[in-house]
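>>> my questions are about this predicted structure, shown below with the sequence.
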Amino acid sequence: MRDGWSKLVAIGAVGLLLLVVGGLWGCGTPRERYKVLSFFFDGVPDPDKPVAKATTQSVFAQQRVFGKAAVSVHAPFKQGLCDSCHKTATGAVMDFGEAYKRCETCHKETRKQYPRMHGPVALGECRLCHRAHESTEPHLLAADSIKLCTQCHDAQLLSPKPWQHTDGETPCISCHSGHGGTEANLLNERGKKPWPSTRPTTAPATQGQAVVERAERREVPG
């Protein structure tokens, strides 16, 4: 009985609060509404205080990647044009469940149907490899290409030839396209060139394990 009575009291209190808030919403001065709302809720903006204008610089300070300087910045973000990506044509907030549709507004050619396509591109999962605002890597990559690619492409399964696969230094995108192409293994023009089977200069014996170790640790920023 007590539990039932407590529930009724709680429901009644919530209903009364809604009536008060609803009544104030349509009448009374901003100052009067502020006094009542701030009694029940924290963080109600004071109508008599000026609203601070958001600046691109303040956004950058909040979004700075890993505490390092950005190497690449998405143009709309740099220009403070948030609505170009975060709102639809009708002004509604964008549902990023199908983010690729928003990306295609400007990058339609990037996702064209290559004869061979990288899996994330074919699925429209741009954000698996790219950051939306800024990055410490070129092309808004979410991490350096070795760390990024070895999330899905196990380094232990890579052929030891060419030597770039095991030196732990050569970016994957030096020889492979990240989006698609006409060649097997998405080789780009540089990747199609014949490479020596051994590195031109002698490297430490342990250096060849760098890629494998990175893959095992899965050192990819969240």
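Perfect, thanks for sending it. Residues are numbered from 1 along each chain as shown.
>>> residue 187: neighbour count?
16 (other Cβ atoms under 10 Å). Using the backbone N, CA and C atoms, a C-beta is placed for each residue, glycine as well.
>>> beta-bridge partners for it, please?
Taking DSSP bridges, one obtains residue 176 as the residues bridged to residue 187.
>>> surely it meets residue 181?
Yes: judged on Cβ atoms under 8 Å, residue 187 makes contact with residue 181 at a distance of 7.0 Å.
>>> list phi and psi for residue 141.
phi -70, psi 150 (degrees, to the nearest 10).
>>> model confidence score at it, please.
Predicted confidence (pLDDT) for residue 141: 91.
>>> that one against residue 135, yeah?
Yes: using Cβ under 8 Å, residue 141 is in contact with residue 135, at 5.8 Å.
>>> can you give me the strands in this structure?
Assignment of strands within the chain using DSSP state E yields the ranges 72-73, 116-117, 134-135, 180-181.
>>> so which of these has the densest surroundings on average?
Of all the strands of the chain, strand 134-135 carries the top mean neighbour count, a mean of 22, counting by mean count of other Cβ atoms under 10 Å.
>>> report the contact partners of residue 141.
72, 129-131, 135, 148 (Cβ atoms under 8 Å, 6 or more residues apart in numbering).
>>> closest to residue 177 among those residues?
When these are compared for distance to residue 177 (Cβ to Cβ), residue 129 wins out at 12.0 Å.
>>> that closest one contacts residue 120, correct?
Yes: the pair residue 129 / residue 120 is scored as a contact, 5.9 Å apart, by Cβ under 8 Å.
>>> quick one: which of these two has more around it?
Neighbour count, other Cβ under 10 Å: between residue 129 and residue 120, residue 129 has more, with 21 against 17.
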